[in-house]
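Enquirer: task: produce atomic coordinates for the following.
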Amino acid sequence: MTVEAELGSMDAIRVPVELGDRSYDVWVGAGVRHRLPEVIPGDVKRVAVVTQAAVVDAGITVDPGVEHRVFITDNGEHIKSMGAVEELCREFAQWGLTRRDAVVAVGGGAVTDLAGFTAAVYHRGIRVVFVSTTLLGQIDASVGGKTGVNLPEGKNLIGAFWQPSAVLCDTDALETLPPEEMRSGLGEMAKYHFIADADLDALSLPERIARCVEIKAEVVAADERESGRRAVLNYGHTLAHALEAHGGYDLRHGEAVAVGLVYAAELAHCTGRIEAERVDEHRRVVGGYDLPTSLPAGADLDALVGLFSRDKKAVDGVTFMLDGPEGIQPVAGLAPALLRETLEAIR
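Expert: Numbers count the residues shown, from 1 in each chain. Model (predicted):
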């Protein structure tokens, strides 16, 4: 449950992620990145700060309060590669970072995914703190311990579960984002309306972020390793990942998720799981965030259907998370013809 609290002298919202000896707090509020020294584990002597050029150019910097060095990656999703992991590990080793030190990732989801996975494998695991600077990162990527990088064959196919020591979600950083990056975050926010039937409309932006984090924290606490319930967090992502893997579409991740939410609703309706009114609700929520509700122009339907089988959930054939009478659940064995026909419906 979210609680009003203070981080140093600063008002913030604290959301605990309850995972036994791996528990940690997520702090949401204006300027919370400046309280980074208070969440760095007390025995850490050195910190490798991993960030992106665009984050530095936006004036978003941190001081962990101990000896540190800044490692700047390129901008964009392409940094999530095994080559980038090796490069970071070699730079850490050359600097002399030890297993008793820590990594701090400052940026959006691409940075926290890359730096988190690097922390998970360097010296077989060192501690990491996330300073999330994008809406998408704050409500999704930085929370829950899923880290990873991409292959040409698909997103996040190499990864590890590695929980951070703390997460700082600085809402001041959101003021530096371009409109399209905020829209990307809103796509993930739309997802939370459905996985917990959450009413986010009446909340302020910091309260919305904290509520989304709270929903995710509850799911993660119940299923840390995605053996069951945690798969609900992938709602809308099967089509989204296919769109991203196929490439050539002018969509950011959250916008792809928005289309995926509408597609999942249409698919649930075609399989008799939900009524047309629930599909309309999906369209209303997604459209209310000014997000796309249909496929991008020129979408290759056959290629997208082929990519569904590469999704991480596809262990018993093509599997989608679909809404239904008992909430969002995995549904396997969906026929390719049905998948393609439903894609036609949102073309």
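Enquirer: quick one: mean pLDDT for the helix or strand harbouring Val47?
Expert: Assigned by DSSP states H and E, Val47 belongs to strand 46-52. Strand 46-52 comes out with an average pLDDT of 98.
Enquirer: how about residues contacting it?
Expert: 40, 60, 62, 64, 66-75, 79, 88, 92, 95-98, 101-108, 110-111, 114-115, 118 (CB atoms under 8 Å, 6 or more residues apart in numbering). Just so you know, the C-beta spots here come from the backbone N, C-alpha and C atoms, and that holds for glycine as well.
Enquirer: could you point out which element follows that strand?
Expert: Heading C-terminal from strand 46-52 (DSSP H and E), you reach helix 53-57.
Enquirer: show me what that following helix packs onto, helices and strands only.
Expert: Packed against helix 53-57 by the contact rule (3 or more CB pairs under 8 Å, 6 or more residues apart in numbering; DSSP states H and E) you find strand 67-73.
Enquirer: restricted to helices, list the contacts of strand 46-52.
Expert: Among the contacts of strand 46-52, DSSP state H puts Leu88, Phe92, Trp95, Ala110, Val111, Leu114, Ala115, Thr118 in helices.
Enquirer: can you select the buried ones from the residues you listed in PyMOL?
Expert: Applying 16 or more other CB atoms under 10 Å to these, the buried members can be selected in PyMOL as follows:
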select buried, resi 88+92+110+111+114+115+118
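Enquirer: closest to Ser23 out of the ones in helices among the contacts of strand 46-52?
Expert: Distance ranking of the ones in helices among the contacts of strand 46-52 against Ser23, using CB to CB, places Ala115 first at 20.8 Å.
Enquirer: my guess is that closest one contacts Ala105, does it?
Expert: Yes - taking contacts as CB atoms under 8 Å, Ala115 lies within contact range of Ala105: 3.5 Å.
Enquirer: any shared contact partners between the two?
Expert: Shared contacts of Ala115 and Ala105, defined by CB under 8 Å, 6+ apart, comprise Val50, Val128, Phe130.
Enquirer: pipe the residues you listed into JSON lines and attach distance to Tyr263 and neighbour count per row.
Expert: JSON lines is the format used below for the shared contacts of Ala115 and Ala105 (distance: CB to CB, whole Å; neighbours: other CB atoms under 10 Å):
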{"residue": "Val50", "distance to Tyr263": "34", "neighbour count": "28"}
{"residue": "Val128", "distance to Tyr263": "34", "neighbour count": "28"}
{"residue": "Phe130", "distance to Tyr263": "30", "neighbour count": "30"}
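Enquirer: avg pLDDT for stretch 100-108?
Expert: On average, stretch 100-108 scores 97.
Enquirer: oh, that last question was meant for stretch 304-318, not what I typed.
Expert: For stretch 304-318, the mean pLDDT works out to 74.
Enquirer: still on that earlier bit, now, of the contacts of strand 46-52, which are buried?
Expert: For these, a burial check counting by 16+ other CB under 10 Å picks out 40, 60, 62, 64, 68, 71, 73, 75, 79, 88, 92, 97, 101-108, 110-111, 114-115, 118.
Enquirer: quick one: strands adjacent to the strand holding Val47?
Expert: Strand 46-52 pairs in its sheet with strand 67-73 (parallel), strand 102-107 (parallel), by DSSP bridges.
Enquirer: the ones in helices among the contacts of strand 46-52: which two are farthest apart?
Expert: Largest separation among the ones in helices among the contacts of strand 46-52 by CB to CB: Trp95 and Ala110, giving 22.2 Å.
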